[in-house]
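Trainee: predicted model and sequence below, questions to follow.
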Amino acid sequence: MSAQPPQALLQVHGVTAGYAQDIDVLRDIDLRVDAGRITGLIGLNGAGKSTVIKTICGFLPPKSGRIAYEGRDISGIEPHRLIDLGICCIPQESSLFPYLSVQDNLLLPLLGRPRRFAQQMRPRLQEVFELFPALHEKRMQPAGSLSGGQQKQVEFAKAWLQQPRLCLIDEPSIGLSPKISEEVFVWIEKFAQARMGILLIDHNVRRVVRMSDRICVLSLGRITAEGTPADFQGDLHQQVQQWLGLSF
Ligand SMILES: Nc1ncnc2c1ncn2[C@@H]1O[C@H](COP(=O)(O)OP(=O)(O)O)[C@@H](O)[C@H]1O
Ligand SMILES: [Mg+2]
């Protein structure tokens, strides 16, 4: 692997955050994502992984610390500004409008955008339908009538249309069959090959470790280990238990 570029695409510096004033869910978190690279974030349920994404996206302002994107401070950003900055989030829960057609869901990020943006996005729709042929077939159907795997395709297609520079992806394989999950991981690799920086959270630790350039372990709101896939070789189960702070 080549050396890290001097400026990270996303750098989280010493961030502490939480939902209640006196309870910190994240404590002094440092995290880095580079363009064209995947940073994997693994940890037990309740460790604070989704809270990391919510904090980066501005749904939860940090109590202290700083979040820098392309060198600019975006701490506590208003979430509706993310798309203009080239940041896209694929949340664990569906972000689709079930009664709108697949195509309308895909084009929704166009609403209220400058005409220039709309003109760039229309030809990309063709590209998206080539990438996800099943969606072309079902483009006029309500998104809610699609299978879970196809709805996930719509989420990824929507992200691809926006051509973000940073994509934050929370538990993309949850509820999907192993075959569809594998497709999802391949799309994520394709996103990274297109120079996007990816922050990936998934319960499939083995897959996340295999595909990430950098892996961070989050345990009770702290980063307790960090390294490359090579650092996570060997008895992964035992190592991850150790890194998560479990006794075994
Ligand atoms: N909206 C919320 N309000 C209060 N506490 C929350 C909220 N969302 C998550 N939490 C708490 O924050 C902690 C971390 O949750 P989360 O970030 O969802 O963990 P993970 O994604 O690693 O499973 C948990 O203790 C959870 O109960
Ligand atoms: Mg979560």
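Mentor: Cool, the structure landed. Just so you know, these numbers come straight off a predicted model, no measurement behind them. Ligands and ions are numbered 1, 2, ... in the order given.
Trainee: alpha carbons only for contacts and neighbour counts from here, please
Mentor: Fine.
Trainee: got the domain ranges for this protein?
Mentor: The record's domain split for the chain, according to automatic domain parsing, is 1-86+165-248, 95-163.
Trainee: go through these and find the least confident stretch.
Mentor: Per-stretch mean pLDDT for those is lowest at domain 95-163 (a mean of 88).
Trainee: end to end, how far does that domain reach?
Mentor: In domain 95-163, first residue to last residue: 17 Å (Cα to Cα, to the nearest Å).
Trainee: start at 351, not 1
Mentor: Let's use 351 as the start, then, which means that last one is domain 445-513.
Trainee: quick one: distance of that domain to the chain centre.
Mentor: Its chain's average C-alpha position is 18 Å from that of domain 445-513, according to Cα atoms, centre = their mean, to the nearest Å.
Trainee: up against ligand 1, what does this structure have?
Mentor: Within reach of ligand 1 by Cα under 6 Å from any ligand atom, the chain has these residues: 369, 375, 394-401.
Trainee: rebuild the domains of the chain as CSV, extending it with mean neighbour count.
Mentor: CSV is the format used below for the domains of the chain (neighbours: other Cα atoms under 10 Å):
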stretch, mean neighbour count
domain 351-436+515-598, 18
domain 445-513, 17
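Trainee: check the secondary structure at A507 for me.
Mentor: Per DSSP: H, G, I helix; E, B strand; the rest coil, the secondary structure class of A507 is helix.
Trainee: which residues does it contact?
Mentor: Going by Cα atoms under 8 Å, 6 or more residues apart in numbering, A507 touches 456, 478, 482.
Trainee: now, these that are in helices?
Mentor: In this view, these that belong to helices under DSSP state H are 456, 478.
Trainee: let me know the closest of the contacts of A507 to ligand 1.
Mentor: Distance to ligand 1 across these (Cα to the nearest ligand atom) is lowest for L456, with 26.1 Å.
Trainee: so that closest one touches K508, yeah?
Mentor: Yes. Between L456 and K508 there is a contact under Cα atoms under 8 Å: 4.9 Å.
Trainee: where's R382, which helix or strand?
Mentor: Using DSSP states H and E, R382 sits in strand 376-383.
Trainee: ok, which stretches of the chain are strands?
Mentor: Secondary structure of the chain (DSSP state E): strands at 360-367, 376-383, 388-392, 414-419, 422-423, 437-440, 516-520, 547-551, 564-569, 572-577.
Trainee: looking at those strands, which is nearest to L594?
Mentor: Of all the strands of the chain, it is strand 564-569 that lies closest to L594, at 5.3 Å by Cα to Cα.
Trainee: check which helices and strands the closest one sits against.
Mentor: Other elements packing on strand 564-569 under the criterion 3 or more Cα pairs under 8 Å, 6 or more residues apart in numbering; DSSP states H and E are strand 388-392, strand 572-577, helix 586-594.
Trainee: now it against strand 388-392, angle please.
Mentor: 20 degrees (axes from the mean of the first three to the mean of the last three Cα atoms, to 10 degrees).
Trainee: which outside residues touch strand 564-569?
Mentor: Outside strand 564-569, the residues touching it (Cα under 8 Å, 6+ apart) are 381, 388-394, 397-399, 559, 573-579, 593-595.
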